[in-house]
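Trainee: the sequence and its predicted three-dimensional model are supplied below.
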Amino acid sequence: MTKNKINNIDKLGNLVFILLTILFICLLFFNKSFLNWTFERHHNILSWYIRPLFLIPFCYFSYKRKLTGIFMTIFFLLTSMFWFPKPTSVSTQVNEFLNLEQKFLLNSPFYTKLIGIFIVFISLWGLSKALWKRNLKLGIAVLVLIAISKMFGSVIFAGEVGKSIFIPAIIGLVVCILGLYILFYTSKKND
């Protein structure tokens, strides 16, 4: 396959995953029944543990400078909130936290939602940029900043029930840092 064909396929992949991500976000923000269906499944704590792990392929594709992989990973990270079945039982803290998050998505002014999207975008851009430049220390610093911001923001947003994300966030952070070290050192050997 020629380089031009690969570039065209890459551009098409970028566009497809960007559009799918925008569609998913619009459905969450503007379709109450889809939001309710999604959040029923997001109550499954497995989705809380799997979501941070998507930062590993995100980091890998950033390091390899593959935009389609980056956009694909973002789409899968977002949609992973409904991959698991609706749980039969949910802890009170998890239930309260997600109910607050769902109310935020339903009742907040649109500009507030845009600010949230912008913060997530800037965080992921910073992480991707650090790894695109092959800067492991900066990449890890951004990962830590993302995890701490998520935990801190959750407590500010939801009070005591915001602490329900601490364990998944910390485990996800540790696994992502280990994944980054493995990625960085195996890639350096192969370069």
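Mentor: Sure, I can see it.
Trainee: check which helix or strand the most centrally placed residue in the chain maps to.
Mentor: Closest residue to the average C-alpha location of the chain: residue 77 at 4.7 Å, with Cα atoms, centre = their mean. According to DSSP states H and E, residue 77 maps onto helix 67-79.
Trainee: how about that helix as PDB, C-alpha atoms only?
Mentor: The C-alpha coordinates for helix 67-79 follow below in PDB (Å, rounded to 0.1, in the frame of the first residue of the first chain):
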ATOM      1  CA  LEU A  67      -3.800  10.000  15.400                       C
ATOM      2  CA  THR A  68      -6.300   7.400  14.500                       C
ATOM      3  CA  GLY A  69      -5.300   5.300  17.400                       C
ATOM      4  CA  ILE A  70      -5.600   8.300  19.700                       C
ATOM      5  CA  PHE A  71      -9.100   9.200  18.500                       C
ATOM      6  CA  MET A  72     -10.200   5.500  18.600                       C
ATOM      7  CA  THR A  73      -9.000   5.200  22.200                       C
ATOM      8  CA  ILE A  74     -10.900   8.300  23.300                       C
ATOM      9  CA  PHE A  75     -14.100   7.000  21.700                       C
ATOM     10  CA  PHE A  76     -13.700   3.600  23.400                       C
ATOM     11  CA  LEU A  77     -12.800   5.200  26.700                       C
ATOM     12  CA  LEU A  78     -16.000   7.300  26.700                       C
ATOM     13  CA  THR A  79     -18.200   4.500  25.600                       C
END
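Trainee: other SSEs contacting the following helix or strand past that helix?
Mentor: Next along the chain after helix 67-79, taking DSSP H and E as the criterion, comes helix 92-107. In terms of contacts (3 or more Cβ pairs under 8 Å, 6 or more residues apart in numbering; DSSP states H and E), helix 92-107 is packed against helix 32-42, helix 136-158. Where C-beta positions appear, they are placed from N, C-alpha and C, glycine not excepted.
Trainee: just to revisit the earlier point, how about the nearest residue to the residue nearest to the centre of the chain, chain neighbours excluded?
Mentor: In this structure, residue 77 finds its nearest non-sequential neighbour in residue 54, 3.8 Å apart by Cβ to Cβ, 6 or more residues apart in numbering.
Trainee: report the secondary structure state of the one you found.
Mentor: On the three-state scheme (DSSP: H, G, I helix; E, B strand; the rest coil), residue 54 is labelled helix.
Trainee: hang on, the earlier thing: what pLDDT does the residue nearest to the centre of the chain get?
Mentor: Looking at residue 77, its pLDDT is 91.
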